[in-house]
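K.L.:
turn this into a structure:
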Amino acid sequence: MEDKDIDKELKKVWEEEATQQPNDKKEASWNDFSAKVFEKKPRKIKPWYYAAAAILVVFLSLSGVLLSDNSFGGNRDMAYTIVENPTTKVKLINLPDSTVVELQPNAKLEYTNDFADNRKINLKGTAFFKVHKDKEHPFRVFCGKTTTTVLGTCFTVTEGEEDSVSVKLYEGSIQMTVKGNSHNWLLSPGEEFVYNKQEVTVEAFNRFKDFDNVPLKSVLKYIRETYGYEVIVPKSYINMQVTLRLNEKENLTDVIHILAEMYNLTPQINEEIKKVTFK
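P.N.:
Numbers count the residues shown, from 1 in each chain. Okay, the predicted model is just below:
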């Protein structure tokens, strides 16, 4: 790059107003800039070159500070792992502590690499958690301005628009806190916590899926749509009437066990093709 072009590039940075860069563009922006400007050849450096470069570094530093304020309770000093779900299907994740997460489409979570001792999740979007019990290491989910703290339970966290968050509890108990609010909310199974426009409500919701005297094929359809597994039973059982109540977030293994006990059948599970065959 010629000196006059370098002058033009740096003066442009010097004169324009400060703007924040998105975190995922910081490194690319700097690499592009340095490739153009800092070529390996002798040249006369003008005093304000360093000032312009310093402004760029300040921009990048500010972006990093802003990101850390709302992540892991304000602590981003350690290495972390990012898991995203850009697909249209639910993504199943097994965390290092054996906690199972169902990450919804377009959702993202982050956790520190020392997760066994520091069980903290930063969530964007919606996810269901089946938390592995560990009394010595509470499990925390940071979403917007809310923090969900648990020991071992099943719940769903959903991030909405305008900084709203809802949490549905299916099993166990959880404690909810909101940034800037000294109050704690303790939830019981079947309760939903909603934070919206700086206001909190806790209301009951139906956490069960009821089948009232319906053909067994209705239950099999529910399993296929909810868990993604095809279930095959002997033809003589398809239209048998069944009355059954399931927790909406019941583990698939438990659902299969219930059906096996009800009809005295033996299930065979093929994980590769996601198929359950009762014989």
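
K.L.:
torsion angles phi and psi at the nearest residue to Val101 once chain neighbours are set aside?
P.N.:
Distances taken as CB to CB, 6 or more residues apart in numbering put Ile93 closest to Val101, at 4.2 Å, once the chain neighbours are dropped. Where C-beta positions appear, they are placed from N, C-alpha and C, glycine not excepted. The phi/psi pair for Ile93 (degrees, to the nearest 10) reads phi -130, psi 130.

K.L.:
okay, Ile93 and Tyr195: tell me how far apart.
P.N.:
24 Å (CB to CB, to the nearest Å).

K.L.:
neighbour count for the two, which is higher?
P.N.:
Tyr195 (23 against 16; other CB atoms under 10 Å).

K.L.:
what residues are bridge-paired with the more buried one?
P.N.:
Val165, Val200 (DSSP bridges).

K.L.:
quick one: terminal-to-terminal distance for stretch 90-97?
P.N.:
20 Å (CA to CA, to the nearest Å).

K.L.:
where along the stretch 151-279 of the chain do the helices fall?
P.N.:
Remark: helices assigned in the stretch 151-279 of the chain by DSSP state H, counting those that start in this stretch are 216-227, 252-263.

K.L.:
in CSV: the ones you listed, plus distance to Met240, mean neighbour count and mean pLDDT.
P.N.:
CSV is the format used below for those (distance: least, CB to CB, whole Å; neighbours: other CB atoms under 10 Å; pLDDT from 0 to 100):
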stretch, distance to Met240, mean neighbour count, mean pLDDT
helix 216-227, 5, 16, 92
helix 252-263, 8, 15, 89
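
K.L.:
could you dump those helices into JSON lines with distance to Asn206 added?
P.N.:
Shown next, in JSON lines, are those (distance: least, CB to CB, whole Å):
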{"stretch": "helix 216-227", "distance to Asn206": "15"}
{"stretch": "helix 252-263", "distance to Asn206": "18"}
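
K.L.:
any idea which of those helices gets closest to Ile238?
P.N.:
helix 216-227 (5.0 Å; CB to CB).

K.L.:
so Val102 touches Lys89, yeah?
P.N.:
For residue 102 the amino acid is Glu, not Val. No - between Glu102 and Lys89 there is no contact under CB atoms under 8 Å: 10.4 Å.

K.L.:
neighbour count: the two, which is higher?
P.N.:
Between Glu102 and Lys89, Glu102 has the larger neighbour count (other CB under 10 Å), namely 18 against 10.

K.L.:
residues contacting the more buried one?
P.N.:
90-93, 127-128 (CB atoms under 8 Å, 6 or more residues apart in numbering).

K.L.:
same thing with Tyr237?
P.N.:
So Tyr237 contacts 216, 263, 265, 278 (CB under 8 Å, 6+ apart).

K.L.:
the last one touches Val231, doesn't it?
P.N.:
Yes - in this structure, Phe278 is within contact of Val231 by CB under 8 Å, at 7.3 Å.

K.L.:
in JSON lines: the contacts of Glu102, plus distance to Glu110.
P.N.:
Listed next are the contacts of Glu102 as JSON lines, based on distance: CB to CB, whole Å:
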{"residue": "Val90", "distance to Glu110": "18"}
{"residue": "Lys91", "distance to Glu110": "14"}
{"residue": "Leu92", "distance to Glu110": "17"}
{"residue": "Ile93", "distance to Glu110": "12"}
{"residue": "Ala127", "distance to Glu110": "12"}
{"residue": "Phe128", "distance to Glu110": "17"}
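
K.L.:
coming back round to it: for Phe278 and Val231, indicate the residue with more neighbours.
P.N.:
Comparing Phe278 with Val231 by other CB under 10 Å, the one with more neighbours is Val231, at 23 against 18.
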